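Undergrad: no sequence on this one, just coordinates:
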DNA sequence: GATCCTCGAGTTCT
DNA sequence: CTCGAGGATC
């Protein structure tokens, strides 16, 4: 019998050693030596011992994975070495171009050695081991700061609490925590049986579960993990190749994807891609592409980084998921300008992780081009990122009673005539502001963030205000009382008072914002700013002739006519007068002699991705303040593209055109060096 | 008259 | 973000 403490301690040590060994065989190598029942017996024996002698319990005992108490909130963790994001490739050509860039930078014609691996659709994490012990686990977050999820990661059986063999002083490893498809399905079935919320896809399930506060809940979730990279390292001479480093991680007990392969050149990458794509459906977890990394660390270092993405790696994404569904109906939405947009109402379908039930068809030309009819079975995909798109009709499945989509002769909202100008793709309702849809959309535009920025005036509220006849034009908003607002649905005294305060705040504005808020056709933010700057005052613009308006930079005959027409309408002049009577005001424009001179004069900037230290708006302001120009699309004339986290297609465009790319740090440095003050 | 550069407008789901 | 179209330029 184990009544003696010292022999019990020895036995406990032995059991722990065995259990850790079998965990490694089972979870990391996927090659168990003993049956589940035998494993359970070892675990039970250890638990019994620890119950009998609680002083034997150590924090890293296999029985203590779920030892931590629930946390009250997730604390922030700063990554010592930032967690990178990857550039994306969607076509073979993208991959070939990537390989060419790599070889050009390295000035070599020889085939580059790449480490290739599947890109798992999960949650990126960073784990820190000190003296071989797991001390910290954090999510990727924005790459610089993540959240502390140590309490949950400890419960993942595939994650060693202690590394095997002789581990370095400090080892940070990066990997992907994910949920295998089978485990995800079982989890959802359990949730469904209990009437709880289900997860839309394994990725969401993994992300949600990992951020649980209570580790006991997380412990019931079927997580798995693969490691693929390094963060901070101390006390280990990292081998010369990425693939060798992974091999060493595996020996320390860290799980590495069995599909990691070393390939040669772009051709090797593409062959690997096809091989993995063919096996995609049979893998027990979801992947959304493959990743290629230059294998030799010296070369990685030589290539360096652009913004937060390494030049030595790229993610080759699989094509967007496509699904079949049925077009139940096609309805026409009326926009602010009266534009009638056909929208397909779809039989709800899961595509790429979310349920899609609507998809825009843009205009009638598009409907005809794709020959979409009501009742058709269509292929739907989520284009690149988010927006659902009807790709094509499956003609074989067209029912005999499929209905052709007709442009309505009258506006579905107000009944006014619908007109389509010769040569224009868009049909419009002629009801103008008599059309409730146009009125509502105009009000929404007026209140939007970039216009007068009226916080709390959302769609629901506007709908009610217009439907009840309380508001007919923007000026009416400023006559609303707290009592009137509080009588609306989903609106209490408190929110009503808040909205009135927001309205009050919005009265202090600027001329460009005000002009933009008016919603004159073809006058967006840039044109509104140009007009404001050219004329200086609203009065000057109101009195200007078409010819004078055309003298504004970037304003031609079409836009000038729209502006003149807008101010010719008695109704519009009255609304403006009423707005000013309610106290809407703006400071005089300081008329700038030509473009304001500054250190950045003559430079054109384009922003993409999210910046850490400031919003994109603020970045634009600072560029303009220094005399630079901010544009929305990249061309040969662009001086710099500023790249933040998760950049869009503009980064690719910039690379193609050879436009200089600045990451956030370089951008801040530029601002600093250009700033007049010290 | 053709081409390139920009801007404006509309859109989905959580 | 993407598409369509207005404006500028050659």
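TA: Thanks, I have the structure now. None of these values were measured; they are calculated from a predicted model.
Undergrad: List the contacts of residue A:660.
TA: A:639-641 (Cβ atoms under 8 Å, 6 or more residues apart in numbering). For glycine as for every other residue, the C-beta is placed from the backbone atoms N, C-alpha and C.
Undergrad: which one of those residues has the most neighbours?
TA: Within the contacts of residue A:660, most neighbours by other Cβ atoms under 10 Å means residue A:641, with 26 neighbours.
Undergrad: for it, helix, strand, or coil?
TA: Secondary structure, DSSP: H, G, I helix; E, B strand; the rest coil: residue A:641 is strand.
Undergrad: Just to check, it is in contact with residue A:650?
TA: Yes. Between residue A:641 and residue A:650 there is a contact under Cβ atoms under 8 Å: 6.1 Å.
Undergrad: Name the helix or strand for the closest residue to residue A:482 other than its chain neighbours, please.
TA: Distances taken as Cβ to Cβ, 6 or more residues apart in numbering place residue A:496 nearest to residue A:482, at 4.7 Å, with adjacent residues excluded. Using DSSP states H and E, residue A:496 sits within helix A:493-506.
Undergrad: Could you tell me the angle between the next helix or strand after that helix and helix A:493-506?
TA: Going down the chain from helix A:493-506, the next helix or strand is helix A:511-518, by DSSP H and E. Taking axes from the mean of the first three to the mean of the last three Cα atoms, to 10 degrees, one finds helix A:511-518 and helix A:493-506 inclined to each other by 130 degrees.
Undergrad: so how far is helix A:511-518 off the chain centroid?
TA: A distance of 30 Å separates the centroid of the chain from that of helix A:511-518, by Cα atoms, centre = their mean, to the nearest Å.
Undergrad: Residues touching it, excluding its own?
TA: With Cβ under 8 Å, 6+ apart, helix A:511-518 has contacts from A:445-446, A:448, A:450-453, A:474, A:509, A:523-525, A:528-529, A:531-533, A:537-538, A:541, A:566, A:572, A:576, A:584, A:586, A:589.
Undergrad: Would you show me how to pick out the buried ones of these in PyMOL?
TA: To isolate the buried ones among the contacts of helix A:511-518 in PyMOL, judged by 16 or more other Cβ atoms under 10 Å, type:
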select buried, chain A and resi 445+446+451+452+474+509+523+528+529+531+532+533+538+541+566+572+576+584+586+589
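Undergrad: and DNA strand B, which of the contacts of helix A:511-518 contact it?
TA: A:523-525, A:528 (Cβ under 7 Å from any atom of the strand).
Undergrad: Can you pick out the most distant pair from these?
TA: Using Cβ to Cβ, these reach their maximum pairwise distance at A:523 and A:525, which is 8.8 Å.
Undergrad: wait, what's in contact with the residue of chain A found nearest DNA strand B?
TA: In chain A, the residue found nearest to DNA strand B is residue A:524; the distance is 2.3 Å by Cβ to the nearest atom of the strand. Taking Cβ under 8 Å, 6+ apart, we find residue A:524 in contact with residue A:516.
Undergrad: Surely residue A:495 touches residue A:456?
TA: Yes. With contact defined as Cβ under 8 Å, residue A:495 counts as touching residue A:456 (6.6 Å).
Undergrad: hang on, the earlier thing: tell me the confidence at the residue of chain A closest to DNA strand B?
TA: Residue A:524 carries a pLDDT value of 90.
Undergrad: isn't residue A:633 right up against residue A:605?
TA: No. Using Cβ under 8 Å, residue A:633 makes no contact with residue A:605, being 11.8 Å away.
Undergrad: rewinding a little: can you tell me what sits against the helix holding residue A:496?
TA: Contacts for helix A:493-506 (Cβ under 8 Å, 6+ apart): A:447, A:452-457, A:461, A:477-478, A:480-483, A:485-486, A:488, A:584.
Undergrad: Which members of those are positioned in helices?
TA: A:447, A:461, A:477, A:482-483, A:485-486 (DSSP state H).
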